[in-house]
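[1] Return atomic coordinates for the entry below.
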Amino acid sequence: MSFQNPVFIPGPTNMPEALRKACDLPTIDHRSPMFGDILHPCIDGVRKVLRSDDAEVFFFPSTGTGGWETALTNTLSAGDGVLSARNGMFSQRWIDMCQRHGLNVTIVETPWGEGLPADRYEDILRADTNHDIKAVLATHNETATGVKSDIAAVRRALDATNHPALLFVDGVSSIASMDFRFDEWGVDVAVTGSQKGFMLPAGLAIVGFSPKAMAAIETATLPRTFFDVRDMAKGYANNGFPYTPPVGLMNGLKLSLDMLLGEGLDNVHARHRRIAEGVRLATRAWGLDLCAASPDLYSDTVSAIRTPEGFDATEIVTRAASEYGMAFGVGLGEVAGKVFRIGHLGSLTDAMMLSGLGVAEMVMVDLGMNIKLGSGVAAAQEHYRHGSGTAHRAAA
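    Got it, this is the predicted structure:
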């Protein structure tokens, strides 16, 4: 690999130099007011990114996986029912965590490449007249397949059945890159991490709790110590953590939030959408298909690209790294060897994306795939370029 090339894995993502330097912070007294000057702007900034007025925001020295555990252990008790679809590697991992915690998971098996089946959720919730299901899990953006699901539709299923279950959303590869509406969608716990849309190193689990989720904490009995949000809230009241905080990462997050909010969330989302569409047009020009089954499911942060039957897609990732020093994502789980993944989130521009598409194209030609060199790059260029053929002709 070459440190000079951008990465095109779905996370960790490229880091702006300013954020890398912000994380490189001299030691400070993390029990002093100086840390509070870092902590509280982070809380306020994440709340804005979530588009929430009243979410309680917590940070843990962990990753998105720790955020999943925070959601479960603070609100549920052993034996509680949980409803989840299994439509990719990361939804599967959250299900596995639930089962390890002694929760009773109703699994809706869903083809990889499809989104969350809100209609099936509604049927199951309507039949749950005893309200044994205490939480519904929803992976907003399945990073393994490049599939975006409709969280508002899941909320409508809960509301249509008047079901009191909490709604937990994995937004690890969507929050801070794609539109996310905590309050509007009635989310109770949102989970993300520092290493994707926030453009930082891995190391922070970032979670938002609704008032309803905060109330559930008082009756939940799953064991929790490190991830106890009550302890964290007490620490925040005194400008600190209940244990030593990752001060450098928090300082980086403070600047990241300034950058995101300074760009404007709508502009951030539009940038990701534009770059993603260029990747999709390149994929079409190559004659390949996305893993996502239909356009309404296309992710704006990662594209999982199917290769022809019998071709090992992992070879593309391996050769890109060894011959061109560039990183793409391999297929995971059921789509291992069937797709390669291009991450297009975080600190990324049109020009950077063109370099990734150019390398992917060279690799596929190197490996004998029936692809015309330059075809995908040209399709993306036409989308990214600021001029318009129609406008030029009109001016002439």
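
[2] could you pull out the strands for the stretch 251-396 of the chain?
    289-290, 302-306, 329-330, 339-343 (DSSP state E, counting those that start in this stretch).

[3] can you list those in a markdown table and add mean neighbour count and distance to Leu260?
    For every residue, glycine as well, the C-beta is placed using N, CA and C. Output for the strands of the stretch 251-396 of the chain, formatted as a markdown table (neighbours: other C-beta atoms under 10 Å; distance: least, C-beta to C-beta, whole Å):
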| stretch | mean neighbour count | distance to Leu260 |
| --- | --- | --- |
| strand 289-290 | 20 | 27 |
| strand 302-306 | 26 | 19 |
| strand 329-330 | 19 | 23 |
| strand 339-343 | 26 | 18 |
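
[4] Hmm, Ser77 and Thr219 touching each other?
    Yes. Using C-beta atoms under 8 Å, Thr219 is in contact with Ser77, at 7.4 Å.

[5] neighbour count winner among those two?
    Using other C-beta atoms under 10 Å, the more surrounded residue of Thr219 and Ser77 is Ser77, with 15 against 9.

[6] mind checking pLDDT for the more buried one?
    As predicted, Ser77 sits at a pLDDT of 98.

[7] What's the separation between it and Thr129?
    20 Å (C-beta to C-beta, to the nearest Å).

[8] what does Cys42 give?
    With C-beta to C-beta as the criterion, Cys42 and Thr129 are 42 Å apart.

[9] So which of these two has more stuff around it?
    Legend: neighbour count by other C-beta under 10 Å for Cys42 and Thr129, higher for Cys42 (22 against 9).

[10] Contact partners for the spatially most central residue of the chain?
    The residue lying closest to the centre of the chain (C-alpha atoms, centre = their mean) is Ser173, at 1.1 Å. By C-beta atoms under 8 Å, 6 or more residues apart in numbering, the contact set of Ser173 is Pro10, Gly11, Asn141, Thr143, Lys196, Gly197, Ser299, Thr301, Val302, Leu345.

[11] now do Ile275
    Here Ile275 is in contact with Asp300, His344, Leu348, Thr349, Asp350, Met353 (criterion: C-beta under 8 Å, 6+ apart).

[12] one more time with 7 Å, if that's ok
    Taking C-beta atoms under 7 Å, 6 or more residues apart in numbering, we find Ile275 in contact with His344, Leu348, Asp350, Met353.

[13] Run through this structure and note the low-pLDDT ranges.
    For the chain, applying pLDDT under 70 flags the ranges 1, 388-396.

[14] remind me, longest helix of it?
    helix 265-285 (DSSP state H).

[15] Now Asn16. Nearest residue, chain neighbours left out?
    Residue 16: Pro, not Asn. Excluding its sequence neighbours, the residue lying closest to Pro16 (C-beta to C-beta, 6 or more residues apart in numbering) is Ser347, at 4.9 Å.

[16] same thing with Glu56?
    Nearest to Glu56 is Phe209, by C-beta to C-beta, 6+ apart, at 4.5 Å.

[17] Tell me what Pro57 is bridged to.
    Actually, residue 57 is Val. It isn't Pro. Counting by DSSP bridges, Val57 forms beta bridges with Gly208.

[18] quick one: Lys21 is in a helix?
    Yes. Under DSSP: H, G, I helix; E, B strand; the rest coil, Lys21 falls within a helix.

[19] what's the burial count for it?
    Lys21: 13 surrounding residues under other C-beta under 10 Å.

[20] what do you get for Pro33?
    By other C-beta under 10 Å, 9 other residues sit near Pro33.

[21] residue contacts, it?
    Residues in contact with Pro33 (C-beta under 7 Å, 6+ apart) are Asn239.

[22] and it, how far is that from Gly262?
    25 Å.

[23] And the helices in this protein?
    With DSSP H as the definition, the chain shows helices at residue ranges 17-23, 33-49, 64-75, 89-100, 118-127, 151-160, 211-216, 229-237, 247-263, 265-285, 314-324, 350-366, 375-384, 389-395.
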